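>>> curious how this folds, go ahead:
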Amino acid sequence: MPDALEAKPVLVTGATGRIGRVVVADLIERGYAVRATTSKPLAADGSEVGDLLEWRRFDFMADDDWDGLVKGCCAVLHLAAELGKMERMQRVNVEATRQLAQACEREGIAAFCYASTVSVYGSGRKRLIDEASPVLTADRDIPSQYWALDYVRMYGRTKLAGELALRAVARQTRFTIVRPAVVVDINQIIGIRDWNPIKRLLGAHRHAHHIYVRDVSDAMIWFIVRGLAGHGEPGQVEVYNLAEDDCPDPRHIDFLRKAFSVSRDRRYRSMPIPAVADWLHDFLRFRTLPLRNPLWRMRFSNQRLKEAGYRFRYGMADAQRLALSTLAKTAGNREAE
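Okay, here's the model as predicted:
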């Protein structure tokens, strides 16, 4: 553990989100102090402060004491983002990211890890996507670049604009941008049974692009520790895909079949339709000729991540085994009743 981590907290924004909850728990489990942000009211009894965990209420739409937020920290894991409300995305995903990075430069923060997304690539002209592949046009919406709903396109564009803001600000802080694929926990893997039947039918053949949330947490912490240890030049900005598209049984149908086998839950019964039907569905939905690849057809390379020396700690195979074990226990309990 670098000396800075022994003495100063790591700031985690978006600490109550899907990834943030896991990152905070992982940091504390490893003995690191954490300053975590939330936009929710804090407990009046002071229980928001513990030996290793300090909660700070901070609203990315309204608050502006960025220097006070980062003061005394050694590193930042920036996870906070607006995923659904388009009117908030520019402020939260772009302007707040820039202001946070500027505060880190003023405070002399050594390492900053930013959670971006593979949505920045849009719908690629090529199937294999690496960090050098073309990305969306950040400053305006071009629907033909991305087969997606309006808010999803805007999410991808504003997260990319957040990346560009970091590049413009970088002087001394070492910035790492990670672009995770579809981040899931065990409940979300199991939760495919709750999709409506049409969605399961259309999506069964698709490559899931799942990456286990604990692997995302572990990778981001690894990058922070690496930055604090002095890897790379001050002010550099590195970009990495976080994807496991080379995992065994990557399609939704692969998990559906195994889940039905252990649970006998009829909601897991499905069959893949021909991919051409999925293409036609997308064409009718978005009125765009299939000159680009929809997400399910693309593959995201993690070769650069491997070359940096990182290997996923858990992997989707283990995550699926945990999900199947949970389903088997639930089925056994039902039979015992």
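
>>> and the residue nearest to the spatial centre of the chain, what are its bridge partners?
Centroid check for the chain by C-alpha atoms, centre = their mean gives residue 180 as the closest residue, at 4.5 Å. Per DSSP bridges, the residues bridged to residue 180 are residue 242.

>>> what does stretch 316-327 contact?
In this structure, residues lying in contact with stretch 316-327 by C-beta atoms under 8 Å, 6 or more residues apart in numbering are 184, 186, 189-190, 210-212, 214, 244, 247-250, 255, 258-259, 262-263, 265. C-beta coordinates here come from the backbone N, C-alpha and C atoms, glycine included.

>>> tell me which of those residues fall in strands.
Among those, the ones falling in strands (DSSP state E) are 184, 210-212.

>>> what about those, which one has the most neighbours?
Comparing those by number of neighbours (other C-beta atoms under 10 Å), residue 211 comes first, having 28 neighbours.

>>> can you name the residues that contact that one?
With contacts taken as C-beta under 8 Å, 6+ apart, residue 211 has the following neighbours: 180-184, 242-244, 316.

>>> do residue 256 as well
192, 200, 204, 268-270 are the contacts of residue 256 under C-beta under 8 Å, 6+ apart.

>>> next: residue 204.
Contacts of residue 204 by C-beta under 8 Å, 6+ apart are 251-253, 256, 270-273.

>>> after the worst-scoring helix or strand of the chain on mean pLDDT, which helix or strand is next?
None of the helices or strands of the chain scores lower by mean pLDDT, DSSP states H and E than helix 3-7, at a mean of 60. Sequence-wise, the next helix or strand downstream of helix 3-7 (DSSP states H and E) is strand 10-13.

>>> give me the distance between that next one and the centre of its chain.
Offset of strand 10-13 from its chain centre (C-alpha atoms, centre = their mean, to the nearest Å): 15 Å.

>>> quick one: residue 202 and residue 275 touch, right?
No - Residue 202 sits out of contact with residue 275 when judged by C-beta atoms under 8 Å, with a separation of 10.4 Å.

>>> more crowded one of the two?
residue 202 (19 against 13).

>>> SS state for the more buried one?
Assigned state for residue 202: helix (three-state reduction, DSSP: H, G, I helix; E, B strand; the rest coil).

>>> and the helices in this structure?
Under the criterion DSSP state H, the chain carries helices at the ranges 3-7, 18-29, 66-70, 86-89, 96-107, 150-169, 186-190, 197-203, 213-228, 252-263, 275-286, 303-307, 316-336.

>>> export the contacts of residue 211 as JSON lines, with columns for pLDDT and distance to residue 159.
Compiled in JSON lines, the contacts of residue 211 are given as follows (pLDDT from 0 to 100; distance: C-beta to C-beta, whole Å):
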{"residue": "180", "pLDDT": "98", "distance to residue 159": "11"}
{"residue": "181", "pLDDT": "98", "distance to residue 159": "13"}
{"residue": "182", "pLDDT": "97", "distance to residue 159": "14"}
{"residue": "183", "pLDDT": "98", "distance to residue 159": "13"}
{"residue": "184", "pLDDT": "98", "distance to residue 159": "19"}
{"residue": "242", "pLDDT": "98", "distance to residue 159": "14"}
{"residue": "243", "pLDDT": "97", "distance to residue 159": "16"}
{"residue": "244", "pLDDT": "96", "distance to residue 159": "20"}
{"residue": "316", "pLDDT": "96", "distance to residue 159": "23"}
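
>>> residue 74 is in contact with residue 228, isn't it?
Yes - between residue 74 and residue 228 there is a contact at 6.3 Å, judged by C-beta under 8 Å.

>>> those two - which one has more neighbours?
Neighbours per residue (other C-beta under 10 Å) separate residue 74 from residue 228, with residue 74 holding more: 25 against 21.

>>> the closest residue to residue 145 other than its chain neighbours - how many residues pack around it?
Nearest residue to residue 145 in three dimensions, chain neighbours excluded: residue 122, at 4.3 Å (C-beta to C-beta, 6 or more residues apart in numbering). By other C-beta under 10 Å, the residues close to residue 122 number 29.
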